[in-house]
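Sequence and predicted structure below; questions after.
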Amino acid sequence: MRHFLRKCVGGLVLASGLVALSAGALAQSYPSRLVKIVVPFPPGGVYDLYARMAADHLTKAFGQQVIIQNNPGGQGVLGSQLVARSKPDGYTLLMGGQATHATNPHLFRNMRIDTLKDFEPVALVAMVGNVLVVNPALPVRDVGQFIAYAKQNPGKVSFSHAGSGTSMSIAGELFKQRTGTKLLSVPYRGSALAANAVVTGEVQSMFANTISVVRQLRAGTLRALGVTTAARQPLIPDIAPIAEQGVEGYEIRSWFGLFAPAGTPKPVIEQLNGELQKMVLLPEYQRRIHESGAVAGTFTPGEFAAFLKQDYEQIGQVVREAGLKAEEN
């Protein structure tokens, strides 16, 4: 019996040693062939933009081609499922974000994947803020005045967005919850239509993606009251955060990052993270990220995982309190 146990223990030690050697060997040779980054949305959007930035850098860094594969559908669910079920070897990655990993799980009852368990967070690539904008005809010039006006006109002040669960929608619902205002939520098919509705006066306000309304702000067809981020934003540095204007603790921002299937060897994750950490410090990347209205991310995989869990819980609370549900197309 003792001899049998010694053989079993010895076999387990040998097996674990082989697994460690295998993971190490994979990391040393990685990547030895083409790497694919799946974007779970159509070409041309922000997910696609940041995925292509990452792919360009990794191609140069690795000497192996890194390509983009767009797999849209189900508000990002289909592409996420594809990667979650892929072989965990570092050759199929996902450009995910707040929508795919923190919001969708609370909107869809049957995603068939667990975004906290079925992925390895690799690296945060970018964070994008929103800004509370109003039609210039509205008699308010800061967040405090906007809150007072909304409370004086309950149910008559509306905010537009590009669909339930978008960053615009979440930012508006969080604002309602933190301020006790009764803003009307008005969805549009796309952020451009939502912003135009504020310009024309169809609705009074919007928690817009900052980059999408810079032109209107400069033209004076929209007025900015406050940013949703904790710090001021590079594109509109004169606009103070909402949290500094009486809504203590208010903060919401979109984020984008690279994920791998759960079980991907840690050395591969760390190698990818290391290269993307280098990317976000490059002057050319800093310029492009600034032009997109974002700030670069610098998280380690562990920090990214902790950040994701916190955002997942915050978004879940907002969605539940607001009673948001996935919209059928």
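Received, thanks.

hey, let's count contacts and neighbours off CA atoms from now on
Fine.

Give me the distance between Gln204 and Ile170.
17 Å (CA to CA, to the nearest Å).

and if you look at Ile252?
Taking CA to CA, one finds Ile252 at 8 Å from Ile170.

One more: Val122?
25 Å.

and those two? which has more neighbours close in?
Set Val122 next to Ile170 and count neighbours by other CA atoms under 10 Å: Val122 wins out with 30 against 23.

Is it correct that that one falls within a helix?
No: assessed with DSSP: H, G, I helix; E, B strand; the rest coil, Val122 is strand; it does not lie in a helix.

The stretch 1-150 of the chain: helices as residue ranges?
2-29, 46-62, 77-84, 104-107, 143-152 (DSSP state H, counting those that start in this stretch).

rank the ones you listed by pLDDT, which is bottom?
The minimum mean pLDDT among the helices of the stretch 1-150 of the chain belongs to helix 2-29 (a mean of 50).

ok, how many other residues are close to Ile211?
18.

My read is that it contacts Val295, right?
No: in terms of CA atoms under 8 Å, Ile211 does not count as a neighbour of Val295; the distance is 11.9 Å.

how far does stretch 256-266 stretch from start to finish?
Rule used - CA to CA; the end-to-end distance of stretch 256-266 is 21 Å.

can you pull the contacts of Arg112?
Counting by CA atoms under 8 Å, 6 or more residues apart in numbering, Arg112 touches Gln81.

And the pLDDT for it?
Arg112 is assigned a predicted lDDT (pLDDT) of 94.

Tell me where the model's unsure across the protein.
Residues of the chain meeting the criterion pLDDT under 70: 1-27, 327-329.

Relative to Ala231, how far out is Ser173?
Quick fix: residue 173 reads Glu, not Ser. 20 Å.

quick one: which of the two has more around it?
Glu173 (26 against 16).

Looks to me like that one is in a helix.
Yes: according to three-state DSSP, Glu173 belongs to a helix.

Touching, it and Ala322? I think so.
Yes: using CA under 8 Å, Glu173 is in contact with Ala322, at 6.5 Å.

wait, what's in contact with Lys309?
Neighbours of Lys309 in contact, by CA under 8 Å, 6+ apart: 102, 116.

Using PDB, list the CA coordinates for the host helix or strand of it.
Taking DSSP states H and E as the criterion, Lys309 maps to helix 301-322. Taking Å, rounded to 0.1, in the frame of the first residue of the first chain, the C-alpha atoms of helix 301-322 are listed here in PDB:
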ATOM      1  CA  PRO A 301      -3.300  41.300 -15.000                       C
ATOM      2  CA  GLY A 302      -4.100  41.100 -11.200                       C
ATOM      3  CA  GLU A 303      -5.000  44.800 -11.000                       C
ATOM      4  CA  PHE A 304      -7.200  44.400 -14.100                       C
ATOM      5  CA  ALA A 305      -9.000  41.400 -12.600                       C
ATOM      6  CA  ALA A 306      -9.700  43.400  -9.400                       C
ATOM      7  CA  PHE A 307     -10.900  46.400 -11.400                       C
ATOM      8  CA  LEU A 308     -13.200  44.300 -13.500                       C
ATOM      9  CA  LYS A 309     -14.800  42.700 -10.400                       C
ATOM     10  CA  GLN A 310     -15.400  46.100  -8.900                       C
ATOM     11  CA  ASP A 311     -16.900  47.500 -12.100                       C
ATOM     12  CA  TYR A 312     -19.000  44.400 -12.500                       C
ATOM     13  CA  GLU A 313     -20.600  44.800  -9.100                       C
ATOM     14  CA  GLN A 314     -21.200  48.600  -9.500                       C
ATOM     15  CA  ILE A 315     -22.800  48.200 -12.900                       C
ATOM     16  CA  GLY A 316     -24.900  45.300 -11.600                       C
ATOM     17  CA  GLN A 317     -26.300  47.500  -8.800                       C
ATOM     18  CA  VAL A 318     -27.200  50.300 -11.200                       C
ATOM     19  CA  VAL A 319     -28.900  47.800 -13.600                       C
ATOM     20  CA  ARG A 320     -30.900  46.200 -10.900                       C
ATOM     21  CA  GLU A 321     -32.000  49.400  -9.300                       C
ATOM     22  CA  ALA A 322     -33.000  50.900 -12.700                       C
END
